[in-house]
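>>> Kindly return the folded structure for what I paste below:
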Amino acid sequence: MSPTTAPPTPAPFGWRLAIGLVGVLIAALSSGINDRVTEITLIDTLGVFGLGHDEGTWVSTAYSAAEVSAMLISPWLAITFSIRRFAIVATVAFALLGVAIPFSPNLETLLTLRVLQGLAGGALPPLLMTVALRFLPWNIKLYGLSAYALTATFGPNLAIPLSALWTEDSDWKLVFWQIVPAGFVAAALISYGLPQDPLRLERIKQADWKGALLGMGWISMLVVALTQGERLDWLNSDLIVVLLLGVAICLPLFLVNEWYHPLPLFKLQLLERRNFAYGILTLCLFVVVATAGSAIPAAYLSEIQHYRPLQIMPIALLIAVPQLVLAPLVAFVINHRWVDSRYVLAAGLCLLTCACIGGSAVTSEWIREDFYVLQALHAFGQPMVVVPLLMNATGVIAPMEGPFASAMVNALRGMAAVIAGSLVENFLTQREHFHSNVLLNSFASRQPTLPAPLDQSAILELAERLREQAFVLSFSDAFLALLLVIALLLLILLTLPKRAYPPQPPVTP
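Predicted structure coming up:
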């Protein structure tokens, strides 16, 4: 069988296949939740392992680099060894590594296990898109894509509530063990429900080994540079400079290799289709908006109001829980030919715009309840954006091209998530420093007019108030910056995509 030959025609969709799809969905959601929960609870778990902050950041970096790298090669491995077989192995390995991590005796072992778990976990989200494009018939394909959309909307927002549960009067090991039951359940459902494709070991002879090496190289180096750059002072660090030079060398070589390779990991020719290029670009930008939309309110409540994760939990659940209904509901709406999905997407962007404008009015008096309306706008707006853009992007993809599309979409989306986290953190830090300097200079210019010298307690109180105000202004700036990203999304929507119609039955000769 040649590498470009379409896989065997699947059996008609039924409950058994639906159960298998649910298993892949659980596995993919568990992967995303594990990533976010361990990141949020990093400070709480560092002390248990006897690690300092600097060492702990490498634990997070190692996982992220392995996770995004695995998204690059996962679809190729799944087609070569069969989706069912590969999904079961990756899911079980992901769960078993979660069992072992709390028993790590030293930093080296912890890093090794996290890298291995990152490889296993990163392999799972691409499988969900691959399964939806490979097995689902035309009339319910959009519902499969709406299930994939949950990995971008439901999973990340569920991480904060779970973090609160495992760090407030619970065993810290549950941070890593929470995915174990879900992993074994997912593996059982996959084993029962997904069809067994034949092995296609002949693909190994044409494997894109050079592309895998270059691709995983530039991805890993870029992730390390982004996640460690602020701590190591960016270009003042020799390590960051070397990593960025490595990215500058490996990335062009990777792109050239993928363009000419007969069986690439990234089929760059797909980008010639306007809607697919639009889908990838907008998904990456959407990840920035979605990440910041939940991260900024959580950071504000933690920094200004000193909330614990358990107190922040309601604003995250307000986005997460409705996705279980709203994502398939959006799929139902745009699954009608008379509905232009571009207008649904534009309406979703308008809701996100209103949320950002409202957030820019934040003051030091805001409490959790003041964010409820903003989070509700995100809850409705996010699925209205991500489900239509997935339909627009995948509507031009043939079934045999699904693995290529899945590799590109997921690897770039994973990289966008890392970039978004780094951007939010660095933007807030830089703006806080800027506003602190402005406020301090303003205070210094007015100091001669003060009635009397301030005592020590008054100085400390004033410093805390200045710091608090600087943070509030930085959060307001972050919401305004998101408006620029949304404006770019609207501009792309107006210029790039063609009208996409719901999936149609195949034409019989």
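>>> Confirm for me that P388 is in contact with L345.
Yes - with contact defined as Cβ atoms under 8 Å, P388 reaches L345; the gap is 4.2 Å. Any C-beta I mention is one placed from the backbone N, CA and C, and that applies to glycine too.
>>> Neighbour count: the two, which is higher?
When P388 and L345 are compared for neighbours, P388 comes out ahead with 32 against 27, by other Cβ atoms under 10 Å.
>>> which residues does that one contact?
By Cβ atoms under 8 Å, 6 or more residues apart in numbering, P388 lies in contact with 330, 334, 341-342, 344-345, 348.
>>> What residues of stretch 222-237 count as buried?
Across stretch 222-237, burial judged by 16 or more other Cβ atoms under 10 Å covers 222-229, 232.
>>> Make TSV from those residues and add distance to L270 to it.
Listed next are the buried residues of stretch 222-237 as TSV, based on distance: Cβ to Cβ, whole Å:
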residue	distance to L270
L222	22
V223	24
V224	28
A225	27
L226	26
T227	29
Q228	32
G229	31
L232	36
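>>> Regarding K498, what is its secondary structure?
Under DSSP: H, G, I helix; E, B strand; the rest coil, the three-state class of K498 is coil.
>>> Max pairwise distance over the contacts of P388: which two?
Spanning the widest gap among those are V330 and R342, at 13.2 Å by Cβ to Cβ.
>>> neighbour-wise, which of these two wins?
Using other Cβ under 10 Å as the criterion, V330 and R342 rank with V330 on top: 27 against 18.
>>> Buried residues, whichever strand or helix holds that one. List them.
For V330, the host element (DSSP states H and E) is helix 323-334. Across helix 323-334, burial judged by 16+ other Cβ under 10 Å covers 323, 326-331, 334.
>>> what do you get for stretch 284-302?
For stretch 284-302, by 16+ other Cβ under 10 Å, it's 284-301.
>>> model confidence over it, on average?
In this model, stretch 284-302 has an average pLDDT of 92.
>>> and it, C-alpha only, in CSV?
C-alpha atoms of stretch 284-302 as CSV (Å, rounded to 0.1, in the frame of the first residue of the first chain):
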residue,chain,number,x,y,z
CYS,A,284,-3.3,30.0,17.1
LEU,A,285,-4.5,33.6,17.7
PHE,A,286,-7.6,32.2,19.4
VAL,A,287,-5.5,30.2,21.8
VAL,A,288,-3.9,33.5,23.0
VAL,A,289,-7.3,35.0,23.6
ALA,A,290,-8.7,31.9,25.4
THR,A,291,-5.6,31.5,27.5
ALA,A,292,-5.5,35.1,28.6
GLY,A,293,-9.3,35.2,29.1
SER,A,294,-9.0,32.8,32.0
ALA,A,295,-5.5,33.5,33.2
ILE,A,296,-5.9,37.3,33.7
PRO,A,297,-8.9,37.1,36.0
ALA,A,298,-7.3,34.3,38.0
ALA,A,299,-4.0,36.2,38.3
TYR,A,300,-5.9,39.4,39.4
LEU,A,301,-7.8,37.6,42.1
SER,A,302,-4.7,35.8,43.3
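>>> Check whether L263 really touches Q206, as I assumed.
Yes - with contact defined as Cβ under 8 Å, L263 reaches Q206; the gap is 4.6 Å.
>>> related to what we said a few turns ago, quick one: which of the buried residues of stretch 222-237 is nearest to F86?
V223 (23.3 Å).
>>> May I ask which helix or strand encompasses that closest one?
Counting by DSSP H and E, V223 is found in helix 209-228.
>>> Remind me what the host helix or strand of L494 packs against, helices and strands.
Using DSSP H and E, L494 sits within helix 456-495. Counting by 3 or more Cβ pairs under 8 Å, 6 or more residues apart in numbering; DSSP states H and E, the packing neighbours recorded for helix 456-495 are helix 274-303, helix 341-359, helix 402-446.
>>> The last one vs helix 274-303, what angle?
With axes from the mean of the first three to the mean of the last three Cα atoms, to 10 degrees as the criterion, the two stretches helix 402-446 and helix 274-303 enclose an angle of 40 degrees.
>>> what mean pLDDT does helix 402-446 have?
Here the average pLDDT along helix 402-446 is 89.
>>> Likewise for the shortest one?
The average pLDDT for helix 341-359 rounds to 96.
>>> With respect to H435, which of the buried residues of helix 323-334 is nearest?
Q323 (34.3 Å).
>>> Name the nearest residue to the closest one, ignoring sequence neighbours.
Here the nearest residue to Q323 in space, its sequence neighbours aside, is F154; by Cβ to Cβ, 6 or more residues apart in numbering that works out to 4.0 Å.
>>> Do I have it right that that neighbour meets L29?
Yes - if you go by Cβ under 8 Å, F154 and L29 touch, sitting 7.0 Å apart.
>>> Are there residues contacting both of the two? Which ones?
By Cβ under 8 Å, 6+ apart, no residue touches both F154 and L29.
>>> In the lowest-mean-pLDDT helix or strand in the chain, which residues are buried?
Scoring the helices and strands of the chain by mean pLDDT, DSSP states H and E places helix 42-49 at the bottom, with a mean of 82. Neighbour counts over helix 42-49 (16+ other Cβ under 10 Å) mark 42, 45-46, 49 as buried.
>>> can you redo the contacts of P388 as a markdown table with distance to F427?
Formatted as a markdown table, the contacts of P388 follow (distance: Cβ to Cβ, whole Å):
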| residue | distance to F427 |
| --- | --- |
| V330 | 30 |
| I334 | 33 |
| S341 | 31 |
| R342 | 30 |
| V344 | 30 |
| L345 | 25 |
| G348 | 23 |
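>>> which one of those is nearest L489?
Of all the contacts of P388, L489 sits closest to L345, with 8.6 Å by Cβ to Cβ.
>>> check contacts around the closest one.
L345 is in contact with 384-385, 388-389, 392, 493, counting by Cβ under 8 Å, 6+ apart.
>>> Poorly predicted segments of the stretch 1-150 of the chain, please.
Counting by pLDDT under 70, the ranges of the stretch 1-150 of the chain that qualify are 1-13.
>>> What segments of it are helices?
For the stretch 1-150 of the chain, the helices defined by DSSP state H, counting those that start in this stretch occupy 15-40, 42-49, 53-81, 83-100, 107-122, 124-135, 141-167.
>>> tell me the angle the longest one makes with helix 107-122.
Inter-element angle recorded for helix 53-81 and helix 107-122: 40 degrees (by the same axes, to 10 degrees).
>>> what's the neighbour count on P198?
Neighbour tally, P198, other Cβ under 10 Å: 9.
>>> my guess is it contacts I83, does it?
No - taking contacts as Cβ under 8 Å, P198 lies outside contact range of I83: 11.4 Å.
>>> Next, name the residue at the spatial heart of this protein.
A417 (4.3 Å; Cα atoms, centre = their mean).
>>> Next up, the contacts around that one.
A417 touches 287, 291, counting by Cβ under 8 Å, 6+ apart.
>>> Then E168?
Counted by Cβ under 8 Å, 6+ apart, E168 has contacts 308-310.
>>> Buried ones among the residues you listed?
P309.
>>> Could you export the contacts of E168 as JSON lines, including secondary structure and distance to A355?
Putting these into JSON lines (DSSP: H, G, I helix; E, B strand; the rest coil; distance: Cβ to Cβ, whole Å) gives the following:
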{"residue": "R308", "secondary structure": "coil", "distance to A355": "24"}
{"residue": "P309", "secondary structure": "helix", "distance to A355": "22"}
{"residue": "L310", "secondary structure": "helix", "distance to A355": "24"}
